[in-house]
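>>> curious how this folds, go ahead:
(chains A, B, C and D)
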There are 4 protein chains.
Amino acid sequence: MSDLRVAVLGVGLMGADHVRRIEARISGARVAVVNDYVAEKAEQLAATIPGCRAIGDPLDAIADPGVDAVVLATPGPTHEKQLLACLEHGKPVLCEKPLTTDVDTSLHVVRREAELGKRLIQVGFMRRFDHEYAQLKALLDAGELGTPLVLHCVHRNPAVPHGFDSSMVVRDSLVHEVDVTRFLFDEEVSSIQIIKPAANPNAPEGLSDPQIAVLRTASGKHVDVELFVTTGVAYEVRTELVAEKGSAIIGLDVGLIRKGAAGTWGGTITPGFRERFGQAYDTEIQRWVDAVRRGIDADSGDFTDGPTAWDGYAAAAVCAAGVESLTSGEPVEVKMVERTSIEGA
Amino acid sequence: MSDLRVAVLGVGLMGADHVRRIEARISGARVAVVNDYVAEKAEQLAATIPGCRAIGDPLDAIADPGVDAVVLATPGPTHEKQLLACLEHGKPVLCEKPLTTDVDTSLHVVRREAELGKRLIQVGFMRRFDHEYAQLKALLDAGELGTPLVLHCVHRNPAVPHGFDSSMVVRDSLVHEVDVTRFLFDEEVSSIQIIKPAANPNAPEGLSDPQIAVLRTASGKHVDVELFVTTGVAYEVRTELVAEKGSAIIGLDVGLIRKGAAGTWGGTITPGFRERFGQAYDTEIQRWVDAVRRGIDADSGDFTDGPTAWDGYAAAAVCAAGVESLTSGEPVEVKMVERTSIEGA
Amino acid sequence: MSDLRVAVLGVGLMGADHVRRIEARISGARVAVVNDYVAEKAEQLAATIPGCRAIGDPLDAIADPGVDAVVLATPGPTHEKQLLACLEHGKPVLCEKPLTTDVDTSLHVVRREAELGKRLIQVGFMRRFDHEYAQLKALLDAGELGTPLVLHCVHRNPAVPHGFDSSMVVRDSLVHEVDVTRFLFDEEVSSIQIIKPAANPNAPEGLSDPQIAVLRTASGKHVDVELFVTTGVAYEVRTELVAEKGSAIIGLDVGLIRKGAAGTWGGTITPGFRERFGQAYDTEIQRWVDAVRRGIDADSGDFTDGPTAWDGYAAAAVCAAGVESLTSGEPVEVKMVERTSIEGA
Amino acid sequence: MSDLRVAVLGVGLMGADHVRRIEARISGARVAVVNDYVAEKAEQLAATIPGCRAIGDPLDAIADPGVDAVVLATPGPTHEKQLLACLEHGKPVLCEKPLTTDVDTSLHVVRREAELGKRLIQVGFMRRFDHEYAQLKALLDAGELGTPLVLHCVHRNPAVPHGFDSSMVVRDSLVHEVDVTRFLFDEEVSSIQIIKPAANPNAPEGLSDPQIAVLRTASGKHVDVELFVTTGVAYEVRTELVAEKGSAIIGLDVGLIRKGAAGTWGGTITPGFRERFGQAYDTEIQRWVDAVRRGIDADSGDFTDGPTAWDGYAAAAVCAAGVESLTSGEPVEVKMVERTSIEGA
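Coordinates of the predicted model:
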């Protein structure tokens, strides 16, 4: 099929990020429609994207025949109605968390989709797609750690927006660790307790921060989560899995660290140049493509954004001297023409 | 402009990677033409890409009016002729290293491009686009480390292809550190010495491995490089910059580590969720787009590849219990319907 | 005063360690008396230490006029009587934990000492003397982290002796984190909860392992402790302090790691050679002293246990060549006589 | 035998350190004689040590019948005469590096000792006694890394004393890596080259700093050493051993890191409490011994320097509540008497 025509509903911080992502880095899709309750914001954004329209009513956007699929980045209270519309029109939808803002409406949405007999709704728990969480899950599923027993989580934000209250720590922050627990353990959570230690002096009046969540799963596994959203430091998300045959920790800014067999700790070395420099190749090619397009559009005569022919010549000169030294073992002077003799003063 | 039409010349390991990269991850470009000296390989690849042709002669591919720009991933000895053709037709070209295989032909290419008065050639020294090298360069350019003095490099491969000889260690491996030196220090290399220690017992007969390269730059900076291509371990590329006001090291599998002010060592914590989970969002959206396209093409009724509505409901149920516990401080049981009551047995 | 004459009561694993420690590494003290309820064990040990006697009754050992101070490494249930005897005779005593095995007898001992008006009893919570805990305490007391808020602890053993039961996890393992909490926070613990997750399949029948302890201090600080004594991995003791202005973690096998100002993480570089090599100097001198004493006692003609005069000569030869190369810049051959010309074949 | 009576010759920075070390931490030896060319310094120091005399002439000190063994911390140029005196009197001697200040006199000392047929001289290359170097040597000797091939060393000082010149970098700093090379590889160094990069702007006039030393051993192993003594940062000593089956690095402030089998990197977890807290036990006992001696000498009524009986009582109270919670699973309040009820206001 040709490129998927996506409608992005809600183009605040997160929705606008998704628009840029789809346009700049996602292959096989384009943003066909944007919508926001601030109509001008959607219109201004649409104007910057070739072939993109702003539609004022989110339900119209969902129903539009020029839309194949929907990304929901609207406020949570509007999700139920919009998800039901997606189901009605048979439109696949990626819904930023939460699914809806309460249990009953969430269950209603689940039931409606089940009645349709199609899987149209995906929820935006993006940690499942993070390299480190994926590594941790793979390690667990491979059975190398044996039975999982305990999960320790840390979820720290440097600051939160004005108006962020104690229950939002649970609903908006903890919700990620709830999904991580269910993802890693493949079972449901059976009970939860929130402990409120003495508050951080820097927390706004009325915000209970930090909080400690203690979860227990159906089979009796223990999960604890430190939620601390006014640290003033940085964004820290850490997860340690303790299991029968060892433990593994992610989020220490040093990759997955595993403890286990023979009393050792450590990580894995990048196995090859593709893994080590894959990002560099992507960036190199993207920036070159952009430079060539700019060069053509502007007729500037410069179609590069990176090492030039001169850099290739200089490298050749050094390597030639290196090969000479390989034989002699002696230092060899590198011979190059003056750059100005070629490119002018 | 519309998507850049790229010809990829040479679709071996590296060229085929570039084709996949442009199709799957690069925005604003598509592969219009592929070429290889094994014609069938190019034809088979072209058949998998909508709107892509195979052209048997690389010079025809370069000249083709349906080609806006060229990626050269052909063997080094063919580069000179192909680069000159690109210059002749005014086609921007990204040339995998080496520019050409000797100094004289490299200089000839540089001169021809200078005579044209356009920058059409970019060379594939991809490390300049790696996050860690970019961080190191930024740190240096910001002046925080003061004058750079010494560079220690390690370049290790677990193994090399059959036939890899001692001079290829210089031309194919060391060449990257030559460019890193020039990139970081913004000056030319003035002399080079290759030291050959007693060889690794596992190195093939006739291959001098490891080798130690000692470089000196125009202003007298010292660079040493351990080149060791039969380690049997993994791919390790490490660079330590020693400067007037501290040092910094990349490639230890733990991000950039800096030593400096006040006798401290350490790195930087990921500042926010965009930096921490940007890759996860990209992967999430790409996999969702792919799942939706598959679902539409196959009419399968499943348009998801990630957390489902049920996962959203389960999270809502746990968070609702959490909010209840936030008030009471007691453990609260999580209430959920049976999954089979909805989805059947 | 001359060397302190110490009686060590109980010479099992820990007591015997203390005897060796005092004899080999502690200055200003010697073991004058040993005692054990297995009389032969004490006698055999005494026979190996010049000037040391075995005394069969612990109370006689405490009362002995040739004993200045007592180390108690006897089983916990005997502590009360022995501590009271130490108080009665005015003998300073270092008592391995626990003080006594229940709260009432502990309080009785505290009261008796207070009535005497002397501080004679020290309890063996050795973590307060560990470099990393001392660093953490210093960091906290210096105020750089602001108000402490939360403490996360991990206490893992690879295995426990036969008969170790669930309450011993609390009394013998957790007791250390109880003292760490009181030491770091300078306040009492006001409540405690023990959570029992599903047990490790490798834990012996009847042992609840792992356990999670949740403590709350008088001012409302939260402490959680993972106690896991059948990991099969190694001995892991980790403590993370989360505070108003950053956090710090010890026990990751990499020194104290601090997160804080400006979103950075890291540790401190050893400032000088005394800190870096202090342990090496101690070991060097101790091994040399031991070698000289052995050489004198055995009249062996060898009074060294480390680098010899030849090693000094070899280093001199290399450095002399180095100084020559410092001038010339060229490689200089090192000239040395044949070792066999001096020491024979 | 009774305590070894040691004469410490030269009580500058290093010699005074050795005096304190022997008095405070070394078992089986005492400082019987001190000497310095500044006679008053020796006399003042002797006055602080029970049973210690100052002797004005180093040769008299060596000859003194009350001296069993000698520590030489005098300036290098005086070593030859003093070492020969030690040999003449059959006194074991620990000689701080260098053995002597030139090759000929070093060889003369070696020959004289060989003629005597006794090993009396040990040289102070203390790194051989450092835990990390010992670990590296053990790893190598165990054969797990296969044949060693290359050694990369870094030796950085924040600053050097006034008057430190270029050749002292070789003689006083590099000399340690020369010994490390010989220690790890068990073979002699056959050639050496000193490379002088452009100097650090902060280096004093006339000091070539940094310097790069390139060594080659008898069997062809390569060693490079960065010597940089005006870094302004801290004391950094790092050694990376590259071998046939992997590599290992010490001195990164994180313990020995090993790379090898299966593309992994990492270290070893402390196996047990003895290794983890051995230093803490030593410190605990030493500080307790010192406190008891102080208490006795001063008749102060305080014989503790650490946790008191109250700390033992408090721990007992918390653990008792913990055992109660172990049964109930509920939070249990900790019951304790008021501290003031015992110790007064």
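>>> give me the most central residue, chain A.
residue A:126 (5.7 Å; CA atoms, centre = their mean).
>>> against chain C, how distant is it?
Computed as CB to the nearest CB, to the nearest Å, the residue A:126 to chain C distance reads 22 Å. For the C-beta atoms, the positions are set from N, CA and C on the backbone; glycine is no exception.
>>> that residue contacts residue B:280, doesn't it?
Yes: if you go by CB atoms under 8 Å, residue A:126 and residue B:280 touch, sitting 4.4 Å apart.
>>> returning to that earlier point: wait, what's in contact with the residue nearest to the centre of chain A?
By CB atoms under 8 Å, 6 or more residues apart in numbering or on different chains, the contact list for residue A:126 reads B:277, B:280, B:281, B:284.
>>> now swap in residue A:184 and tell me
So residue A:184 contacts A:133, A:136, A:137, A:140, A:148, A:151, A:241 (CB under 8 Å, 6+ apart).
>>> next: residue A:277.
Counted by CB under 8 Å, 6+ apart, residue A:277 has contacts B:126, B:127, B:130.
>>> would you map the helices across chain A?
A:13-24, A:39-47, A:58-63, A:79-88, A:103-116, A:131-141, A:166-168, A:175-185, A:273-298, A:309-328, A:340-343 (DSSP state H).
>>> need these in TSV with mean pLDDT and distance to residue B:172, can you?
Below are the helices of chain A laid out as TSV (pLDDT from 0 to 100; distance: least, CB to CB, whole Å):
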stretch	mean pLDDT	distance to residue B:172
helix A:13-24	90	33
helix A:39-47	96	46
helix A:58-63	97	53
helix A:79-88	96	53
helix A:103-116	93	55
helix A:131-141	91	29
helix A:166-168	93	55
helix A:175-185	95	42
helix A:273-298	82	12
helix A:309-328	88	9
helix A:340-343	81	26
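>>> show me the one of those helices that comes nearest residue B:327.
Nearest to residue B:327 among the helices of chain A is helix A:166-168 (9.0 Å), distances taken as CB to CB.
>>> now check that closest one, is it near chain B?
Yes: Helix A:166-168 comes into contact with chain B (CB under 8 Å from any CB of the partner chain), by way of A:166, A:167.
>>> next one: stretch A:138-150
No: using CB under 8 Å from any CB, stretch A:138-150 stays clear of chain B, with a minimum separation of 14.5 Å.
>>> C-alpha coordinates for that stretch, PDB please?
Coordinates of each C-alpha in stretch A:138-150 appear next as PDB, following Å, rounded to 0.1, in the frame of the first residue of the first chain:
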ATOM      1  CA  ALA A 138      14.500 -10.900  26.700                       C
ATOM      2  CA  LEU A 139      16.900 -11.900  29.500                       C
ATOM      3  CA  LEU A 140      13.900 -12.900  31.600                       C
ATOM      4  CA  ASP A 141      12.100 -14.800  28.900                       C
ATOM      5  CA  ALA A 142      15.200 -16.600  27.900                       C
ATOM      6  CA  GLY A 143      15.100 -18.100  31.400                       C
ATOM      7  CA  GLU A 144      18.700 -17.200  32.300                       C
ATOM      8  CA  LEU A 145      17.600 -15.500  35.500                       C
ATOM      9  CA  GLY A 146      15.200 -18.200  36.600                       C
ATOM     10  CA  THR A 147      12.000 -17.200  38.400                       C
ATOM     11  CA  PRO A 148      11.600 -13.400  38.900                       C
ATOM     12  CA  LEU A 149      11.000 -12.500  42.500                       C
ATOM     13  CA  VAL A 150      11.200  -8.700  43.100                       C
END
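>>> so which residues on the stretch 1-150 of chain A come close to chain D?
Residues of the stretch 1-150 of chain A lying near chain D (CB under 8 Å from any CB): none found.
>>> quote the end-to-end distance of stretch A:65-80.
Distance across stretch A:65-80, first residue to last, is 21 Å (CA to CA, to the nearest Å).
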